[in-house]
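Trainee: take a look and give me a structure for this.
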Amino acid sequence: MLRRILIAIALVLLIGAGTAYAQRDELLGWAIRQRLADGPDTGFAKDHDGIKVLICGTGSPEVSSARAQACTLVAAGGRLFLFDAGDGALRSLSASRIPVNDIERVFVTHFHSDHFNDLGALINAGWIWGRTTPLEVQGPQGLAQVIAGFDAVYALDEGYRSANMPHLAERRAVARAVPLEIAFPDGARTERVYDKDGVTIDAALVAHDPVRPALGYVLRYKGRKLFISGDTEVSPVNLPAMKGADMVVHESYASHMVRRAIPQMKAMGMDFHARVAERTIPYHADNIALAKQAQAAGVKHLVLTHLIPYPENMVVRAMYTEGMGEHFKGQLTVAEDGIVLAF
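Mentor: Numbering: from 1, shown residues only. This next block holds a predicted model:
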């Protein structure tokens, strides 16, 4: 009996393989059509009458399983705005079917590499794949230097592609981003940097010494308020930007876990890693201090990103927010790459 069953299965597989081979052209055509149809989701920016947030990167300089480093996409008023573009940001946006050429402006928080590693790739890809206007990039003073560096890095690529594809040569200006550096009036800690069709974005100075300036951004639309912190320690200077926010996307540092790990690192001879951990604690946002500040600011929904140490599994994720619920009574989310939130 078993032999007959195996023979029958083998015959079915053989017939299936023969049919597939005979119809290979039709199958290939179907596969191509499916691939082409599964393109960018042009409705992402328009299918919610409020603010929609895609956390496209939750990583940091720490090597982790995160899809990308710092990256937050916001849709408001039918427009797309990208805040930071760390390594892997372009792939992450593509995985979420975001039409990257529709991004109106990129906002950089500061010049640690994990916040702009993929910016050059984003500019270059837009030029290659049909963007019609140069990408506007806004950020702290020093941005023009960074953009000029990307121009130099991609110059050979730009020349080769232009020589081979005349349509790219005709749009060569699109291969260069437009840097918009943010300057603050004397004594000011906030500056409006975008105001169009009901969407406003304000840059706010945050505390990330020795990085100066380091920025967070406040986006408002239809009475809703979103604060994206960038990298910062928990500081009173951040309170006005957080005050009354419907959602805060904030960098997060589980100091209670890192402090427990440091003695273990030293015991294992990992002195370099221990020193790095000790040096990074003071200028990042301790989870407990962050929970207290979010509660004091009246934040409705606190979303943790730039996760250190990265919670690789459910057990670590449960430990990651230990004690935060005692101080923050709003909604708390430990973000994952690709998560979409709307309000």
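Trainee: by mean pLDDT, flag the weakest helix or strand of this structure.
Mentor: Scoring the helices and strands of the chain by mean pLDDT, DSSP states H and E places helix 24-37 at the bottom, with a mean of 56.
Trainee: any buried residues in stretch 237-246, and which?
Mentor: 238, 241-242, 245-246 (16 or more other Cβ atoms under 10 Å). Yep, even glycine has a C-beta here, placed from its N, CA and C like the rest.
Trainee: which member of these is positioned nearest R260?
Mentor: Of all the buried residues of stretch 237-246, R260 sits closest to N238, with 26.6 Å by Cβ to Cβ.
Trainee: next, count neighbours for R279.
Mentor: By other Cβ atoms under 10 Å, 9 other residues sit near R279.
Trainee: secondary structure class for it?
Mentor: helix (DSSP: H, G, I helix; E, B strand; the rest coil).
Trainee: now do it, the pLDDT please.
Mentor: Here, the pLDDT recorded for R279 equals 92.
Trainee: what's the answer for the one 5 residues further on, then?
Mentor: The predicted structure scores H284 at 96 on the pLDDT scale.
Trainee: phi, psi of the residue lying closest to it once chain neighbours are set aside?
Mentor: Distances taken as Cβ to Cβ, 6 or more residues apart in numbering put Y253 closest to H284, at 3.7 Å, once the chain neighbours are dropped. When quoted as degrees, to the nearest 10, the phi and psi of Y253 stand at phi -140, psi 110.
Trainee: correct me if wrong: Y253 contacts I308.
Mentor: Yes. With contacts counted by Cβ atoms under 8 Å, Y253 reaches I308, the gap being 5.0 Å.
Trainee: which residues are in contact with each of these two?
Mentor: Both Y253 and I308 are in contact with 280, 284, where contact means Cβ atoms under 8 Å, 6 or more residues apart in numbering.
Trainee: return the distance of the residue nearest to the spatial centre of the chain relative to F116.
Mentor: For the chain, the residue nearest the mean C-alpha position is C71 (1.1 Å; Cα atoms, centre = their mean). Distance of C71 to F116, computed by Cβ to Cβ, to the nearest Å: 10 Å.
Trainee: could you do I128 as well?
Mentor: 19 Å.
Trainee: neighbour count: the two, which is higher?
Mentor: Neighbours per residue (other Cβ under 10 Å) separate I128 from F116, with F116 holding more: 27 against 16.
Trainee: with adjacent residues omitted, what lies nearest to the more buried one?
Mentor: V108 (5.5 Å).
Trainee: now swap in A207 and tell me
Mentor: A207 sits nearest to S235 (Cβ to Cβ, 6+ apart), 3.8 Å away.
Trainee: tally up the residues packed near V53, please.
Mentor: V53: 24 neighbours (other Cβ under 10 Å).
Trainee: hey, what's it bridged with?
Mentor: Beta-bridge pairing for V53 (DSSP bridges): V74, L341.
Trainee: so it is in contact with T333, correct?
Mentor: No. Counting by Cβ under 8 Å, V53 sits too far from T333 to count as a contact (10.3 Å).
Trainee: common neighbours of these two, please.
Mentor: 303, 341.
Trainee: check the burial of the residue nearest to H284 by counting its neighbours.
Mentor: Y253: 26 surrounding residues under other Cβ under 10 Å.
Trainee: for E62, see how far away it is.
Mentor: Counting by Cβ to Cβ - Y253 and E62 are separated by 11 Å.
Trainee: picking that back up, what pLDDT does the residue nearest to H284 get?
Mentor: With respect to pLDDT, Y253 has a value of 97.
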